[in-house]
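> next come a sequence and a model predicted from it.
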Amino acid sequence: MGKVRKTKKFAEMKRMISLKDTRIKKQNREAKKRNKPDPQSVKIREVPQASTALFLSYNEQLGPPYHVLLDTNFINFSITNKLDIIKSMMECLLAKCTPYISDCVMAELEKLGRKYRVALRIVKDPRFERLTCCHKGTYADDCIVQRITESKCYIVATCDKELKRRVRKVPGVPIMYITGHRFSIERMPEAYGAPRF
């Protein structure tokens, strides 16, 4: 005797409980009706408040000395490309720059361990300003995006594609990145003489 092969039943439906079943409560017996939106009603749209620093698309809060908010990977990439952060920033912007490090970026560098101890030593330089964080967690990307939405006086220095995409959504905030062994800047007004490569 061989095995009996069981053929697969096609077009078999799942068993569903009927609405008349005693296990269903009274208020759930009626089939749910979807409320259609009223076409005559006024649609309320919430638009975020535009910053007073922006005049047309020109950010008036930007100006020398520039405040540059650094990301973790920007520091690491500048070390791998053998670039001095402050000197390269000044060459890129042709003005005095103050690099800022948030507590979250510092915490990320400390978490990375011994491999990134050079980056940690560079960041602890007294020329780098420290920004204290009041929020929970140590995710630097959220911290940076929150800071630039609150005040538009920063230039964000990052090489992270995801963070760049999030920063581009905030109007009037330039992005500094590394390309071809030098710093370059994006979305900066030409009036300040930033070199374009």
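Perfect, thanks for sending it.
> now do the buried residues in the one helix or strand Asp141 maps to.
Of the helices and strands defined by DSSP states H and E, Asp141 is found in helix 140-150. Within helix 140-150, the residues that qualify as buried are 140-141, 143-145, 147-148, counting by 16 or more other Cβ atoms under 10 Å. Glycine gets a C-beta too; all of them are placed from N, C-alpha and C.
> low-confidence ranges in this structure?
1-2, 8-11, 28-33, 55-57, 189-197 (pLDDT under 70).
> let's see 80
1-58, 188-197 (pLDDT under 80).
> and the strands in the protein, which stretches?
Using DSSP state E, the strands of the chain run over residues 54-55, 58-59, 66-70, 97-102, 129-131, 154-157, 175-179, 182-186.
> against Met188, how distant is Met176?
Remark: distance between Met176 and Met188 (Cβ to Cβ, to the nearest Å) = 9 Å.
> got any residues that touch both of the two?
Applying Cβ atoms under 8 Å, 6 or more residues apart in numbering, one finds that Met176 and Met188 are jointly contacted by Ile155.
> re earlier: in CSV, list the strands of the chain along with mean neighbour count and distance to Lys14.
Formatted as CSV, the entries for those read as follows, by neighbours: other Cβ atoms under 10 Å; distance: least, Cβ to Cβ, whole Å:
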stretch, mean neighbour count, distance to Lys14
strand 54-55, 12, 56
strand 58-59, 16, 58
strand 66-70, 23, 54
strand 97-102, 20, 53
strand 129-131, 14, 56
strand 154-157, 26, 52
strand 175-179, 18, 52
strand 182-186, 18, 54
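> closest to Arg117 out of those?
Closest approach to Arg117 among these is made by strand 97-102 (15.6 Å; Cβ to Cβ).
> okay, the angle between the closest one and strand 66-70?
Taking axes from the mean of the first three to the mean of the last three Cα atoms, to 10 degrees, one finds that strand 97-102 is oriented at 40 degrees with respect to strand 66-70.
> what sits up against strand 97-102?
65-70, 85-86, 89-90, 123, 127-133, 140, 143-144, 147, 154, 157.
> strand partners (parallel or antiparallel) of that strand?
When pairing is defined by DSSP bridges, strand 97-102 lines up against strand 66-70 (parallel), strand 129-131 (parallel).
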